[in-house]
Structures are given as C-alpha cells and as structure tokens.
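1. task: produce atomic coordinates for the following.
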Amino acid sequence: MNHARSLRIDRIACTGQGLCAELLPELIGLDEWGYPVIKDRAVPDHLRTHTRRAVAACPRLALHADNGPA
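-> Next up, the predicted model:
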C-alpha cells in the first residue's frame with residue numbers, strides 16, 4: 001500500500017538554522033528571517049529519500065514527515 005507523506009515543521013522547536021531548505025530546496029524555502037516555509041506539504045515519491053535525510057538532519061528535530069492516507 002502506498003502512503004503519501006505530509007511535511008510539517010514544529011515552529012516552536014525550530015530555530016531557523018536553514019539546513020532543511022539546503023537539503024530539500026524542492027519543498028522548503030526560507031522566509032526573510034531564515035525560518036523554513038514549506039512550498040508543498042505533499043512529498044512526491046521521488047523526493048522521499050531526500051525528505052527522510054532532511055528530517056534526520058534537523059538539529060532541533062523540528063522537521064517531520066508524517067504518513068497519510070494514499
């Protein structure tokens with residue numbers, strides 16, 4: 001069964017280091033203060049590996065990829 005992934009940011013935990021935008025620029029940009037802005041919450045299949053890496057690399061554990069219904 002194929003499950004879509006939904007990207008989200010814990011705004012309270014995030015300190016705006018910008019690593020997620022460097023690792024996943026296809027889905028995440030930065031606002032004027034350096035905090036991440038998700039361009040598209042749905043993670044396409046071809047970006048799942050990159051998304052997992054970005055989530056794992058977040059120094060504040062503020063980036064999350066949740067499973068959702070297909």
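
2. wait, Asp66 touches Arg5, no?
-> Yes - under the criterion of C-beta atoms under 8 Å, Asp66 makes contact with Arg5 at 6.8 Å. Any C-beta I mention is one placed from the backbone N, CA and C, and that applies to glycine too.

3. more neighbours: which of these two?
-> A direct count of neighbours by other C-beta atoms under 10 Å for Asp66 and Arg5 places Arg5 higher, at 19 against 12.

4. buried stuff in the helix or strand the more buried one falls within?
-> Following DSSP states H and E, one finds Arg5 within strand 4-9. For strand 4-9, burial by neighbour count (16 or more other C-beta atoms under 10 Å) applies to 5, 7, 9.

5. give the next helix or strand downstream of the helix or strand containing Cys20.
-> Per DSSP H and E, Cys20 falls inside helix 19-23. Next along the chain after helix 19-23, taking DSSP H and E as the criterion, comes strand 28-30.

6. and the very next helix or strand once past that following strand, what other elements does it pack with?
-> Next in sequence after strand 28-30, counting helices and strands by DSSP H and E, comes strand 36-38. Contacts defined by 3 or more C-beta pairs under 8 Å, 6 or more residues apart in numbering; DSSP states H and E place strand 36-38 against strand 4-9, strand 28-30.
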